[in-house]
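Colleague: turn this into a structure:
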Amino acid sequence: MTCQCPLAVEIYGKFGIEKLFASDKFFSELQFIDEYTYDVLEELNEKYKIIICSVGTPLNISKKALWIEKNLPFIKNFMYLELETKKYNYIPEKSIFIDDYDKYLIPSISERPICFVQREFEWNRNWNGEKVYSWLEMRNLLL
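Modeller: Below is the predicted model:
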């Protein structure tokens, strides 16, 4: 399995990915993808209504909500869905939908689905639509 998170390599085999993403260690070591992430999201939030929509387990979602509240205090809109929920069913038609997982983008009815591809992985390889590879690129595209 190709993995984006080094911590996943350490823990994935022992506990499963859901436990990893709900662990205190994961969230204590979680950092932004690059040095532009915070500033770009803050700028985008001034122009657009950003809604973070995330799928996970109750434990993962509660820790994720706290992390977002602490690290992205300007984002006030959250939508947390249970693990097997089809996220794309909750994305409005007149929206820009950014995700790193083509499984959610392909059936989306959003006006502008964009795949965030920091690197190619099995979960984003099949996306043939619009792609961005960094938050700086996202800023240039949307602002």
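Colleague: nearest residue to the residue positioned nearest the centre of the chain other than its sequence neighbours?
Modeller: With distances taken as Cα atoms, centre = their mean, Asp99 lies nearest the centre of the chain, 5.7 Å away. If the residues on either side of it in the chain are set aside, Asp99 comes closest to Leu105, at 5.4 Å by Cβ to Cβ, 6 or more residues apart in numbering. For the C-beta atoms, the positions are set from N, CA and C on the backbone; glycine is no exception.
Colleague: what distance do you get for the one you found to Asn124?
Modeller: Distance of Leu105 to Asn124, given as Cβ to Cβ, to the nearest Å: 9 Å.
Colleague: what of Ser134?
Modeller: For Ser134 relative to Asn124 (Cβ to Cβ), the value is 14 Å.
Colleague: which is the next helix or strand following the helix or strand bottoming out on mean pLDDT in the chain?
Modeller: The weakest-scoring helix or strand in the chain, judged by mean pLDDT, DSSP states H and E, is helix 6-15 (a mean of 55). For helix 6-15, the following helix or strand on the C-terminal side (DSSP states H and E) is helix 17-20.
Colleague: show me which residues of the helix or strand hosting Arg139 are buried.
Modeller: Per DSSP H and E: Arg139 is located in helix 135-142. By neighbour count on 16 or more other Cβ atoms under 10 Å, the buried set for helix 135-142 is Trp135, Met138, Arg139, Leu142.
Colleague: can you redo those residues as a markdown table with pLDDT and distance to Phe78?
Modeller: A markdown table is the format used below for these (pLDDT from 0 to 100; distance: Cβ to Cβ, whole Å):
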| residue | pLDDT | distance to Phe78 |
| --- | --- | --- |
| Trp135 | 95 | 19 |
| Met138 | 96 | 20 |
| Arg139 | 97 | 22 |
| Leu142 | 97 | 20 |
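Colleague: my guess is Val94 contacts Arg112, does it?
Modeller: In this structure residue 94 is Lys, not Val. No: Lys94 is beyond contact range of Arg112, at 9.5 Å (criterion: Cβ atoms under 8 Å).
Colleague: no more questions from me, cheers.
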